[in-house]
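J.: can't give you the sequence, but here's the structure:
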């Protein structure tokens, strides 16, 4: 069955379902939800204050579509690389289905209709979110005024970068085209609680694996994640946010905290190729301990966002112990009523791995570093349509002789059009 036929069948099924239940559909019908368009920029955790009036059961259909024109060139002193140049990348598409089940209770499901890593349409994940309880209990109802509970198959709330990154076609909240070099993103079966009060933030949760199984129970352990932070506005022009996060799993058959993006990289076929070309993937599939700190400051139209991250762990089978560090800082200036923006980001990631995700020789114990600069400019044509351009340059250092990454670099321009609703 072709991708087109799968997509048409899925859309037809949803339209039939909507007709059977006799509901209308629009995003602003769903409570405690991040807006899909421009209004969702710089939204982190879902809004705790009610964002829509409850009018009974509702269904909302949303989606996102992106298209890039890439003009990047690459080189390597360690190996011959295939020639690449100007051309269009794969158009990507998401389908979002949200339902308001009860007052303060909603469910969200996202499917990738077209993505780089998976050519077929498939469900990425989803969750049930509770901001209110379906029964009357004064003490618990008072607690839920500041508490959000999620359960399902979703990205753990580790760090703040996942709120600003591109999720396949959902790219409208990312001021750049590419995500971080070391991209913290996965989906796990689990649950988490988010407590927000007077600007203070506390998150705690647990999960499992991206691809859960009942096999080898003695080799698997749950993952745990947590976050503490402070997020406050001072008047109309100043906002300050600072968070610290941790993620830990003792043992796993295949954990994917830094290799769980099934949509692939935005930089196609650069330096070594593959669906995640241009990224650093840890390869820690067994044990992982990861920390991330994210400061965010917005003054008027200027915003600064930073990432400090350290990851340590081992590969499945007890081999390949190592660690990675990442630092990133981005500065964005929004003007013309926030419809236009320009930005720059510096991102560096380095590691000391025994067996890296790049399949280097097993006896290699040296360090490796990836440095990236990005400069971007963007325009919100409407609330739900965005155009942006990015210049990117990236270099690789510390890789062994003969590796495709030895002395490698790439640079060029990427144009991206985004529709999100």
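T.: Nice, thanks for sending it over. As the structure is a prediction and not an experimental result, all values here were calculated from the model.
J.: so residue 350: helix, strand or coil?
T.: Three-state secondary structure (criterion: DSSP: H, G, I helix; E, B strand; the rest coil) places residue 350 in strand.
J.: which residues does it contact?
T.: 324-326, 367-370, 398 (Cβ atoms under 8 Å, 6 or more residues apart in numbering). In this view, the C-beta of every residue, glycine as well, is placed from N, C-alpha and C.
J.: could you flag which of those residues are buried?
T.: Buried by 16 or more other Cβ atoms under 10 Å: 324-326, 368-370, out of these.
J.: which of the contacts of residue 350 fall within strands?
T.: Where these overlap with strands, as defined by DSSP state E, the overlap consists of 324-326, 367-370.
J.: now these as a markdown table including pLDDT?
T.: Shown next, in a markdown table, are the ones in strands among the contacts of residue 350 (pLDDT from 0 to 100):
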| residue | pLDDT |
| --- | --- |
| 324 | 91 |
| 325 | 94 |
| 326 | 96 |
| 367 | 75 |
| 368 | 86 |
| 369 | 93 |
| 370 | 95 |
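J.: per-residue confidence at the nearest residue to residue 165 once chain neighbours are set aside?
T.: Spatial nearest neighbour of residue 165, excluding adjacent residues (Cβ to Cβ, 6 or more residues apart in numbering): residue 179 at 4.5 Å. You'll see residue 179 listed with a pLDDT of 97.
J.: now residue 179: how far from residue 307?
T.: Relative to residue 307, residue 179 is positioned 11 Å away (Cβ to Cβ, to the nearest Å).
J.: show me what contacts residue 147?
T.: 131, 193-195.
J.: I should have written residue 265 there, sorry.
T.: Residue 265 touches 116, 178-179, 275-279, counting by Cβ under 8 Å, 6+ apart.
J.: same question, residue 262
T.: With Cβ under 8 Å, 6+ apart, residue 262 has these contacts: 112, 115, 117-118, 124.
J.: max pairwise distance over the buried ones among the contacts of residue 350: which two?
T.: Largest separation among the buried ones among the contacts of residue 350 by Cβ to Cβ: 326 and 368, giving 12.5 Å.
J.: give me the number of residues near the nearest residue to residue 393 once chain neighbours are set aside?
T.: Among residues not flanking residue 393 along the chain, residue 411 sits closest, at 3.8 Å (Cβ to Cβ, 6+ apart). By other Cβ atoms under 10 Å, 16 other residues sit near residue 411.
J.: repeat for residue 57
T.: Per other Cβ under 10 Å, the neighbour tally for residue 57 reads 13.
J.: off-centre distance for the longest strand belonging to the chain?
T.: Looking across the chain with DSSP E, the single longest strand is strand 58-75. With Cα atoms, centre = their mean, to the nearest Å as the basis, strand 58-75 stands 14 Å off its chain's centre.
J.: and it, what does it pack against?
T.: helix 3-21, strand 86-88, strand 92-102, strand 409-420 (3 or more Cβ pairs under 8 Å, 6 or more residues apart in numbering; DSSP states H and E).
J.: any idea which of those scores lowest on pLDDT?
T.: When I compare these, helix 3-21 is least confident, with a mean of 47.
J.: residue 145: neighbour count?
T.: Using other Cβ under 10 Å, residue 145 has 12 neighbouring residues.
J.: what sits against residue 387?
T.: Applying Cβ under 8 Å, 6+ apart, the residues near residue 387 are 378-379, 381, 415-418.
J.: between these, which is nearest residue 212?
T.: residue 418 (31.9 Å).
J.: burial of the closest one, as a residue count?
T.: Residue 418 has 27 neighbours, counted by other Cβ under 10 Å.
J.: residue boundaries of the strands in the stretch 201-350 of the chain?
T.: Secondary structure of the stretch 201-350 of the chain, counting by DSSP state E, counting those that start in this stretch: strands at 223-234, 238-249, 287-299, 302-314, 322-335, 340-353.
J.: low pLDDT regions in this structure?
T.: 1-28, 317-320, 353-366 (pLDDT under 70).
J.: looking at it, which residue ends up farthest from its center?
T.: When each C-alpha in the chain is compared with the mean C-alpha position (Cα atoms, centre = their mean), residue 138 comes out farthest, at 36.5 Å.
J.: give me the phi and psi for it.
T.: phi -50, psi -40 (degrees, to the nearest 10).
J.: surely residue 368 and residue 396 touch.
T.: Yes - with contact defined as Cβ atoms under 8 Å, residue 368 reaches residue 396; the gap is 7.2 Å.
J.: find residues that contact each of these two.
T.: Common neighbours of residue 368 and residue 396 (Cβ under 8 Å, 6+ apart) are residue 405.
J.: before we move on, the earlier item: of the contacts of residue 350, closest to residue 92?
T.: Nearest to residue 92, judged by Cβ to Cβ, of the contacts of residue 350 is residue 370 at 23.9 Å.
J.: residue closest to the middle of this structure?
T.: residue 162 (3.7 Å).
J.: helix, strand, or coil at that one?
T.: helix.
J.: these two touch, right, it and residue 184?
T.: Yes - using Cβ under 8 Å, residue 162 makes contact with residue 184 at a distance of 6.5 Å.
J.: so is the residue nearest to residue 165 in a helix, a strand, or just coil?
T.: From three-state DSSP, the assignment for residue 179 is coil.
J.: that one touches residue 166, doesn't it?
T.: Yes - using Cβ under 8 Å as the test, residue 179 is close enough to residue 166 to be in contact (5.8 Å).
J.: shared neighbours of the two, which are they?
T.: residue 266.
J.: picking up where we left off before, quickly list what's touching both of residue 179 and residue 307.
T.: With Cβ under 8 Å, 6+ apart as the test, residue 179 and residue 307 both reach residue 161.
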